[in-house]
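[1] Sharing a sequence plus its predicted fold:
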Amino acid sequence: MTRNYRADFPVLSQEMNGKRLAFLDSGASAQKPVQVIEAMDRVLNTGYSNIHRGLYAISQNLTAEYEAVRQKVADFIGAYSDKEIVFTRNTTDAINLIAQSWGRAHLQRGDEVIISEMEHHANIVPWQLLRDQIGIELKIIPVKDDATLDLDAYKTLLSNKTKLISVVHISNALGTINPVQDIVKIAKDFNAYIKLLIDGSQSIVHMPIDVKALGADFFVFTGHKLYGPTGIGALWGRMDVLETMPPYQGGGDMIEHVSFEKTTYKEPPFRFEAGTPPIVEVIGLGAAIDYVRSVGFEYILEHEKELIAYGQERLSKIEGLNLYSRAPQRAGIFSFTIDGTHPSDVGMILDQSGVCVRTGHHCCMPLMQRFSLDATVRASLGLYNDKDDIDQLIEGLYKVKDLFG
Ligand SMILES: Cc1ncc(COP(=O)(O)O)c(C=O)c1O
């Protein structure tokens, strides 16, 4: 049931190296539909100003539009209230905010944070910084050969020192869909005070999200993978948790009253949004959510399922191709190597065939080490991809095989 959403994305009408453009790198950053580009253009052309505290119409209208996006994000992920949505720069910014605000306020030397072996560096390094600062311990859920998390091992990591568990919902390097609801339940059954953070950078694009059903305390995502602009992401936190967190950064817009003796801060989420926010980008994110909703997850899921099956079948026929995306539950991400070639060579030859893929460690160096790799080739799907893109990828891979014999 392929519909032609490709036409909504101006970039995709171009050629690359004289070839039809097959964009298979949406896992890194997705292309933008004309609806998002126009929404941002409209603000810049007709209604731009700073928001909050402007008494003139343009500022008041844009403030209302900006705050309406907060509600839109809340509705999109099933939050209880728009006040639980903090606008951040991206996922990285959101996780650093949680580590530095919640982590510094609630964790002490010897407390334990559990992450997994398939985390993006954005969900590793902020906890290492915190470890250096206050002496927390990091524990790691191992990844099994079938690219899933070892849940038995996970259960043995839980202890009375466990304070937070932070795991990725869909792995950007493998496509594995982790059973985060089970991971949350296991932790909460062990100790209801353990906090759970879900990195939704990839899942926000591939499946409908309901943070209430997930049962976690934090959910974070980045706008640019959701067909929105760069420079904008969101952090959802349960209000009773956000209320216990001090500001992350200080400055304008996050205060109630400032004097040299004492400053008081606004309630969440505004307490966490110091300085002039990325106003135009927030409007772009709102347009991206409207766009994804207009396409609908029913279509996205069905279409992706079809392309995963097709891609898997075609890739499996290539001799010497090792597919690491092999978890039973996975999204449209194919991570692989080809015997006798380096992923960078594959990427460069695919470029000549008009195919954009990502090669390297995908910001998951520990995961690469787990599989004794330094890099893979990763082809990742967006809602605009079709079977022609997969065919073009396969054709390019046969060219690689010819060249490397
Ligand atoms: C699973 C995952 N987590 C975190 C990130 C970081 O996102 P950003 O660079 O937008 O902060 C990414 C981006 O690739 C990702 O795929």
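    Nice, thanks for sending it over.

[2] and the helix or strand bottoming out on mean pLDDT in the chain, which strands flank it?
    When the helices and strands of the chain are scored by mean pLDDT, DSSP states H and E, strand 15-16 comes last with a mean of 92. Applying DSSP bridges, strand 15-16 is found paired with strand 19-20 (antiparallel).

[3] tell me how far the partner strand is from the chain's mean position?
    The chain centre lies 29 Å from the centre of strand 19-20; the measure is Cα atoms, centre = their mean, to the nearest Å.

[4] which residues does the residue nearest the centre of the chain contact?
    Note on the chain: the residue nearest the mean C-alpha position is S201, at 1.0 Å, using Cα atoms, centre = their mean. Counting by Cβ atoms under 8 Å, 6 or more residues apart in numbering, S201 makes contact with 91, 120, 122, 168, 172, 220-222, 225. In short, each C-beta sits where N, CA and C put it, glycine included.

[5] ok but it is inside a strand, no?
    No: S201 sits outside any strand when classified using DSSP: H, G, I helix; E, B strand; the rest coil, being coil.

[6] State the pLDDT value of the nearest residue to it once chain neighbours are set aside.
    Once flanking residues are discounted, S201 sits nearest to T91: 4.6 Å by Cβ to Cβ, 6 or more residues apart in numbering. We have a pLDDT of 98 for T91.

[7] G223 and T88 touch, don't they?
    No: contact criterion Cβ atoms under 8 Å: G223 and T88 do not qualify, at 9.5 Å.

[8] And the residue of the stretch 301-405 of the chain closest to the ligand?
    In the stretch 301-405 of the chain, the residue that lies nearest the ligand is C363 (5.9 Å; Cβ to the nearest ligand atom).

[9] Distance check, that residue against L149.
    The gap separating C363 from L149 is 18 Å, by Cβ to Cβ, to the nearest Å.

[10] higher neighbour count, these two?
    L149 (24 against 17; other Cβ atoms under 10 Å).

[11] so that one bridges to which residues?
    V143.

[12] V258 now?
    Under DSSP bridges, the beta-bridge partners of V258 are T263.

[13] What parts of the protein come near the ligand?
    28, 90-92, 120, 122, 168, 172, 199, 201-202, 222, 363 (Cβ under 6 Å from any ligand atom).

[14] Could you dump those residues into TSV with distance to V143 and secondary structure added?
    Output for the residues of the chain next to the ligand, formatted as TSV (distance: Cβ to Cβ, whole Å; DSSP: H, G, I helix; E, B strand; the rest coil):
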residue	distance to V143	secondary structure
A28	21	coil
N90	25	coil
T91	20	helix
T92	22	helix
H120	13	coil
A122	17	helix
V168	11	strand
N172	14	coil
D199	15	strand
S201	18	coil
Q202	16	coil
T222	23	strand
C363	16	coil
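
[15] May I see the PyMOL selection of the buried members of the residues you listed?
    What follows is the PyMOL syntax selecting those of those that are buried according to 16 or more other Cβ atoms under 10 Å:
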select buried, resi 90+91+92+120+122+168+172+199+201+202+222+363
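
[16] Rebuild the residues of the chain next to the ligand as JSON lines, extending it with distance to F190.
    Output for those, formatted as JSON lines (distance: Cβ to Cβ, whole Å):
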{"residue": "A28", "distance to F190": "35"}
{"residue": "N90", "distance to F190": "31"}
{"residue": "T91", "distance to F190": "26"}
{"residue": "T92", "distance to F190": "29"}
{"residue": "H120", "distance to F190": "25"}
{"residue": "A122", "distance to F190": "26"}
{"residue": "V168", "distance to F190": "20"}
{"residue": "N172", "distance to F190": "28"}
{"residue": "D199", "distance to F190": "21"}
{"residue": "S201", "distance to F190": "26"}
{"residue": "Q202", "distance to F190": "27"}
{"residue": "T222", "distance to F190": "30"}
{"residue": "C363", "distance to F190": "30"}
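
[17] which of the residues of the chain next to the ligand lies closest to V36?
    T222 (14.5 Å; Cβ to Cβ).

[18] And the closest one, how far from N96?
    Separation of T222 from N96 (Cβ to Cβ) stands at 13 Å.

[19] One more: P268?
    17 Å.

[20] ok, which stretches of the stretch 151-300 of the chain are strands?
    Applying DSSP state E, counting those that start in this stretch to the stretch 151-300 of the chain gives strands spanning 162-168, 195-199, 218-222, 233-237, 255-258, 263-265.

[21] got it, and the stretch 301-405 of the chain?
    Ranges of strands within the stretch 301-405 of the chain are 321-323, 333-338, 355-356, 358-360, 376-380, based on DSSP E, counting those that start in this stretch.

[22] wait, which of those strands is closest to T63?
    strand 376-380 (36.1 Å).

[23] can you list contacts of that closest one?
    By Cβ under 8 Å, 6+ apart, strand 376-380 touches 24-28, 172-173, 175, 311, 324, 332-338, 343, 346-347, 350, 355, 357-359, 362, 368, 393.

[24] got the contacts of S201 as TSV, with distance to V280 columns?
    Written out in TSV, the entries for those read as follows (distance: Cβ to Cβ, whole Å):
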residue	distance to V280
T91	20
H120	26
A122	24
V168	29
N172	26
V220	21
F221	19
T222	17
K225	18
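
[25] that older thread, what remains of the contacts of strand 376-380 if I keep only buried residues?
    Of the contacts of strand 376-380, these count as buried by 16+ other Cβ under 10 Å: 24-27, 172-173, 175, 311, 324, 332-338, 343, 346-347, 350, 355, 357-359, 362, 368, 393.
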